[in-house]
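# Here you go, sequence then predicted model.
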Amino acid sequence: MSSVQAVRPTPATAPPAPSFDVQRIRRDFPILSQKIHGMPLVYLDNAATTQKPISVIEAERDLYERFYANIHRGVHWLSVESTEAYERVRETVRGLLHAAEAREIVFTRGTTEAINLVAATYGRTHVGAGDEVLITALEHHSNIVPWQMLCEEKGAKLKVAPIDLRGELILEELERLLSDRTKIVAVSHVSNALGTVNPIDKIVRLAHAKGIPVLVDGAQAAPHLEVDVQALDCDFYAISGHKIYGPTGVGVLYGKARLLDAMPPYQGGGDMISSVTFEKTTYNVLPYKFEAGTPNIAGGIGLKAAIDYVHGIGLSEIRRYEEGLLALATEKVGAIPGVRLIGTAREKAAVLSFTVEGVHPHDVGTVLDRQGVAVRTGHHCAQPVMDFFKVPATARASFAFYNTPEEVDALVAGLHEVKRMFA
């Protein structure tokens, strides 16, 4: 067995909190009651996207049935109602992230666009030839490719802080790579491929000691952790609505107001302007300077409903419950002969990546699907992570607060069926 294969987590055996009423929660998610191939659906692909509660579905429907109109442009009743509802979303997101001001909340199409916005605006005005951008070996492609594009355009260098065999960031190496040439650090809060939770507070302190701003990809953190951008002191933080039980096509960039103020607009068009002549355009105030065109109004309304739903349960309760599920799954899946766990960090969110000896992950996923178990297979938009662990792909089970211990057992039974079929 290789040294990589030898790394195993120390499983916690505590069951999920008994006071957590998961069956009541499951009744709020209509899709979870259906059958797939005649088997009860076991949805374990939550890192890719989460399912939606009835309150989110009904919030979008209510908008379209009662008060839909374009926002920020009209004086008629529908437009005023839609505008006020949309701006309430901004305040709800501010509360979720504990931002200081609502104007620090910029709506985007998701985390990917939020990162591209920072790379194209802050990056282009601060990164030049010979400068450096520092990321980590854990990043999703969305937090790699925009910086590669910027570095190619500017003649800068992309530096990568390494990870160890647990899938943990080597913090000392990140600190060593920080230099006078480093213009920005971009790091995931939680790895989508491994579930590793990065020490963002420590990373920010190290970077700020050298006057370097930090962008955090929070797409996988927001559904599982309590995020306080002021306590973290990060300069930018990006999330996606669909990862936190909201709609697709809507997300958020948090940025410190002084930085956003100094950044040029990302796109030109309607609503991001103060005045336009053929000779000169002046730009709108924050956050509207970065919100050109008609936004995803319904998506925003759905996002507010999703955040309200999550707050109704409590992120601390969610995390405690999901930690129990992950511990249970780590113990049971890790005990199956021939299964190799990929990513065994000491602090993880609800992601379990693994391979089955002699079976391609796509075959694992196909057999599990016939058992009604939905997992993700592939490189998870994190090919450098796969390269580090010397695997072409993994199977990834990712958990949410509506999953149950019985669904962990269904995953384990499905994996035994995989081994039987490919014996």
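That came in fine, so what should we check first?
# what ranges do the helices span in the stretch 101-250 of the chain?
111-118, 124-126, 145-154, 171-177, 200-208, 229-232 (DSSP state H, counting those that start in this stretch).
# how about JSON lines for the ones you listed, with distance to residue 269, mean pLDDT and mean neighbour count added?
Where C-beta positions appear, they are placed from N, C-alpha and C, glycine not excepted. Shown next, in JSON lines, are the helices of the stretch 101-250 of the chain (distance: least, C-beta to C-beta, whole Å; pLDDT from 0 to 100; neighbours: other C-beta atoms under 10 Å):
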{"stretch": "helix 111-118", "distance to residue 269": "14", "mean pLDDT": "98", "mean neighbour count": "26"}
{"stretch": "helix 124-126", "distance to residue 269": "19", "mean pLDDT": "97", "mean neighbour count": "14"}
{"stretch": "helix 145-154", "distance to residue 269": "21", "mean pLDDT": "98", "mean neighbour count": "18"}
{"stretch": "helix 171-177", "distance to residue 269": "38", "mean pLDDT": "98", "mean neighbour count": "15"}
{"stretch": "helix 200-208", "distance to residue 269": "33", "mean pLDDT": "98", "mean neighbour count": "18"}
{"stretch": "helix 229-232", "distance to residue 269": "28", "mean pLDDT": "98", "mean neighbour count": "17"}
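# Mind checking the ones you listed for the one nearest to residue 78?
helix 111-118 (27.6 Å; C-beta to C-beta).
# Now do the closest one: everything it contacts.
Helix 111-118 has contacts (C-beta atoms under 8 Å, 6 or more residues apart in numbering) with 106, 108, 142-143, 146, 184, 186, 215, 217-219, 236, 238-240, 243, 251-253, 255, 266, 290.
# next one: stretch 303-323
Under C-beta under 8 Å, 6+ apart, the answer for stretch 303-323 is 12, 16-17, 20, 22, 25, 28, 52-53, 55-56, 58-60, 88-89, 92-93, 95-96, 223-226, 241, 244-247, 250, 349-350, 399-401.
# Please repeat the previous calculation with a cut-off of 7 Å.
The contact list for stretch 303-323 (C-beta atoms under 7 Å, 6 or more residues apart in numbering) reads 16-17, 20, 53, 55-56, 59, 88-89, 92-93, 96, 224-226, 241, 244-247, 250, 350, 399, 401.
# And for stretch 144-153?
Contacts of stretch 144-153 (C-beta under 7 Å, 6+ apart): 115, 116, 119, 123, 124, 127, 133, 135, 156, 157, 158, 186.
# Helix or strand with the lowest mean pLDDT in the chain?
Here the helix or strand of the chain ranked lowest by mean pLDDT, DSSP states H and E is helix 3-6, holding a mean of 34.
# immediately after that one, which helix or strand?
Next helix or strand after helix 3-6 toward the C-terminus (DSSP states H and E): helix 22-26.
# ok, then the element right after that following helix?
strand 35-36.
# what's the spacing between that following strand and its chain's center?
27 Å (C-alpha atoms, centre = their mean, to the nearest Å).
# swap in stretch 238-255?
When distances are taken as C-alpha atoms, centre = their mean, stretch 238-255 is centred 8 Å away from the chain's centroid.
# What average pLDDT does it get?
Here stretch 238-255 scores 98 as its mean pLDDT.
# could you dump that stretch to PDB, C-alpha only?
Provided in PDB are the C-alpha atoms of stretch 238-255 (Å, rounded to 0.1, in the frame of the first residue of the first chain):
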ATOM      1  CA  ALA A 238     -18.100  34.700  -2.700                       C
ATOM      2  CA  ILE A 239     -21.100  32.400  -2.400                       C
ATOM      3  CA  SER A 240     -23.600  30.700  -4.600                       C
ATOM      4  CA  GLY A 241     -27.400  30.600  -4.000                       C
ATOM      5  CA  HIS A 242     -27.900  27.000  -5.200                       C
ATOM      6  CA  LYS A 243     -25.400  25.600  -2.800                       C
ATOM      7  CA  ILE A 244     -27.400  26.900   0.200                       C
ATOM      8  CA  TYR A 245     -30.900  25.600  -0.900                       C
ATOM      9  CA  GLY A 246     -31.700  28.500  -3.100                       C
ATOM     10  CA  PRO A 247     -32.100  28.900  -6.900                       C
ATOM     11  CA  THR A 248     -29.400  28.600  -9.500                       C
ATOM     12  CA  GLY A 249     -28.100  31.700 -11.300                       C
ATOM     13  CA  VAL A 250     -27.800  33.900  -8.300                       C
ATOM     14  CA  GLY A 251     -24.900  34.500  -6.000                       C
ATOM     15  CA  VAL A 252     -23.100  37.100  -4.000                       C
ATOM     16  CA  LEU A 253     -19.800  38.800  -3.800                       C
ATOM     17  CA  TYR A 254     -19.000  40.500  -0.400                       C
ATOM     18  CA  GLY A 255     -16.300  43.100  -0.600                       C
END
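# Now do the buried residues in it.
238-255 (16 or more other C-beta atoms under 10 Å).
# Stretch 205-222 too?
Here stretch 205-222 shows 206-207, 212-222 as buried, counting by 16+ other C-beta under 10 Å.
# Just the residues contacting stretch 43-62, thanks.
28-32, 192, 220, 223, 242-247, 298, 301-302, 305-306, 309, 351, 373-376, 396-400, 403, 407, 411.
# May I have the beta-bridge partners of residue 161?
residue 136 (DSSP bridges).
# Please look at it and residue 173 and confirm they touch.
Yes. In this structure residue 161 lies within contact range of residue 173 using C-beta atoms under 7 Å: 5.4 Å.
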